[in-house]
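> following is a predicted model, sequence given first.
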Amino acid sequence: MIFAITFTSNAASLERNNVSDIDSSEDFVIVPAEPEICNGYDYHLMYSRGWGFVYRGKFGQDAVFAFDGSCWQCKRCTEVLITEYDPLEVNYVGYYALWHAGYTIPAAGTYLYTNDIKFTSGSPVPDCRLRYEAYGREMELP
């Protein structure tokens, strides 16, 4: 989102406020910084964490199976992502869901109960960068 704020002022009031080097004939544009998504970063740094299962609804309240797929977890904030397909393998995400776990999930994956299931027809997941980690080394596939 980009928005602009414009105002006019005369040179005398600019000088009085110690901003005499600003040209008062031009508009000022204020552009907000990128939104903070993850601990000061504008994206989650997601690493593969096995297989995940997504259920629509709340745990213990007749939740319905929605989809299963690749499971990912952010190394910085423990956000969990489950994607219907593995975007690093097939360049396609399909359905996906996010959840803030607050702890490190098992390497084999996890279950996620939510009513917030999203869909994308592309390969990137919004606000996430996906990586594999094998033998202690990071790997990002093209």
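Structure received.
> residues of the host helix or strand of residue 133 that come out buried?
Using DSSP states H and E, residue 133 sits within strand 128-134. Within strand 128-134, the residues that count as buried by 16 or more other Cβ atoms under 10 Å are 128, 130. Just so you know, the C-beta spots here come from the backbone N, C-alpha and C atoms, and that holds for glycine as well.
> what do you get for stretch 82-94?
Going through stretch 82-94 with 16+ other Cβ under 10 Å, the ones that come out buried are 82, 83, 84, 85, 86, 87, 88, 93.
> check which helices and strands the helix or strand where residue 112 lies is in contact with.
In this assignment (DSSP H and E), residue 112 forms part of strand 109-114. Using 3 or more Cβ pairs under 8 Å, 6 or more residues apart in numbering; DSSP states H and E as the contact criterion, the secondary-structure elements in contact with strand 109-114 are strand 44-56, strand 79-83, strand 94-100.
> so which of the ones you listed is the most surrounded?
strand 79-83 (a mean of 25; mean count of other Cβ atoms under 10 Å).
> and it, which strands flank it?
Applying DSSP bridges, strand 79-83 is found paired with strand 64-74 (antiparallel), strand 94-100 (antiparallel).
> related to what we said a few turns ago, now the buried residues of stretch 82-94 as TSV including distance to residue 61?
Formatted as TSV, the entries for the buried residues of stretch 82-94 read as follows, by distance: Cβ to Cβ, whole Å:
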residue	distance to residue 61
82	19
83	25
84	23
85	28
86	30
87	31
88	34
93	27
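> show me which of these is closest to residue 122.
Ranked by distance to residue 122 (Cβ to Cβ), the buried residues of stretch 82-94 are led by residue 93 at 6.7 Å.
> hang on, the closest one packs against residue 123?
Yes - with the criterion set as Cβ atoms under 8 Å, residue 93 and residue 123 qualify as a contacting pair; they are 6.3 Å apart.
> before we move on, the earlier item: with distance to residue 52 and mean pLDDT added, can I get the strands paired with strand 79-83 in CSV?
What follows is the strands paired with strand 79-83, written out as CSV (distance: least, Cβ to Cβ, whole Å; pLDDT from 0 to 100):
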stretch, distance to residue 52, mean pLDDT
strand 64-74, 3, 95
strand 94-100, 8, 95
